[in-house]
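Undergrad: for reference, the sequence and a predicted model appear below.
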Amino acid sequence: MPVLRRADAEIYFEEFGAGYPVLLFAPGGLRSRIEMWHAPQQGPARAWNDWTSKLAEHYRVIAMDQRNAGRSRAAIAADHGWHTYAADHLALMDDLGHRRFHTLGGCIGASFCLKLCEVAPERVSAAVLQNPIGLNPDAPTYFPDSHQAWGEEQRAARADLDAAALASFGRNMWDRDFVFSVSRDFVRRLGVPCLVLPGNDTPHPAVIGTELARLLRNKEVLDAWKGPDHLDVQCERVLQFLPPTRPRRRLRRRPAQSLPWQSRVRLWHRWDQGRISATRRRHSRLRARAAGRT
């Protein structure tokens, strides 16, 4: 089972396809997990494409269960918040060796994308913001109330969790406005190309999609995207938007330890001897040419 092991977490992930990397953040709020991309066997169809398969035809797709969702488990501390998730995301891409990558996030994933753009803008080459969440003026307590229900689920499964830490974590996540993870001022300054697919319901209010489209200076917008009738258009537009960038030189998956000084000396000696031999061969050729002219 592919798992990223961190000091306070085990993050489950899956990879699909080949090519330039795209990091996916699934819908589901704090229950964001890979299976939310897949079409359910029963019940209504998803309003979005399964990007683990659609994008895998063109890109290397990395999908993950967020901490404490699906098959991922992690600590919950009073100082945790959006930055904690961003640290997981960067740690995963470091471990896989991806220096730069696209992102696509649905629901809470749009706010994850924006936070990653704030924390490491040089790492993100493009972001698709699908169905972005945000503070709904008609339902301002929706996310705090949802957090309380999620916290009760967590404590029922893990009796060792601290109620005060859970509550503090919730305030760090939801005692904000706009898209919760970043400010309007940041979005105004953001230079990363973004494609906005606005929402139209309580957790994904239309006013948030409209405001993102107004504030972002390097953006495209697809309004009619949601639902089975729009899946083809949705897929075509996302593929048109994401640049077909080739991967840069990959990071080392696990940085090697420094070589002992004796090994470094031997390597330097070999390189120097090779350089001297090449110089001698060049001089021999020049002398041969000069002799041929006389």
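TA: Cool, the structure landed. Residues are numbered from 1 along each chain as shown.

Undergrad: for Phe13, what are its contacts?
TA: By C-beta atoms under 8 Å, 6 or more residues apart in numbering, the contact list for Phe13 reads Pro2, Val3, Leu4, Ile34, Ile62, Ala63, Met64, Asp65, Leu92. Glycine gets a C-beta too; all of them are placed from N, C-alpha and C.

Undergrad: swap the cut-off to 7 Å and go again
TA: Pro2, Leu4, Ile62, Ala63, Met64, Leu92 (C-beta atoms under 7 Å, 6 or more residues apart in numbering).

Undergrad: gap between it and Leu116?
TA: 15 Å (C-beta to C-beta, to the nearest Å).

Undergrad: check Thr141 too.
TA: With C-beta to C-beta as the criterion, Thr141 and Leu116 are 27 Å apart.

Undergrad: tell me which of these two has more neighbours.
TA: Leu116 (27 against 10; other C-beta atoms under 10 Å).

Undergrad: and for Glu122, the neighbour number?
TA: Neighbourhood size, Glu122 [other C-beta under 10 Å]: 9.

Undergrad: ok, now Asn136?
TA: For Asn136, using other C-beta under 10 Å, the count is 19.

Undergrad: if you skip the residues just before and after it, what's nearest to it?
TA: Distances taken as C-beta to C-beta, 6 or more residues apart in numbering put Pro205 closest to Asn136, at 4.2 Å, once the chain neighbours are dropped.

Undergrad: OK, contacts around the one you found?
TA: Gly134, Asn136, Gly199.

Undergrad: apply 10 Å and report the result again.
TA: Pro132, Ile133, Gly134, Leu135, Asn136, Pro137, Asp138, Ala139, Tyr142, Pro198, Gly199, Glu211 (C-beta atoms under 10 Å, 6 or more residues apart in numbering).

Undergrad: check which helix or strand covers the closest residue in space to the first one that isn't next to it in sequence.
TA: Just to be clear, that refers to Pro132. Nearest non-adjacent residue to Pro132, counting by C-beta to C-beta, 6+ apart: Ala110, 3.6 Å away. Following DSSP states H and E, the helix or strand that holds Ala110 is helix 108-119.

Undergrad: can you name every helix or strand that the helix or strand just after that helix contacts?
TA: Counting by DSSP H and E, the next helix or strand C-terminal to helix 108-119 is strand 124-130. Contact analysis of strand 124-130 by 3 or more C-beta pairs under 10 Å, 6 or more residues apart in numbering; DSSP states H and E lists strand 21-25, strand 101-106, helix 108-119, strand 194-197, helix 206-215, strand 219-221, helix 231-241 as its packing neighbours.
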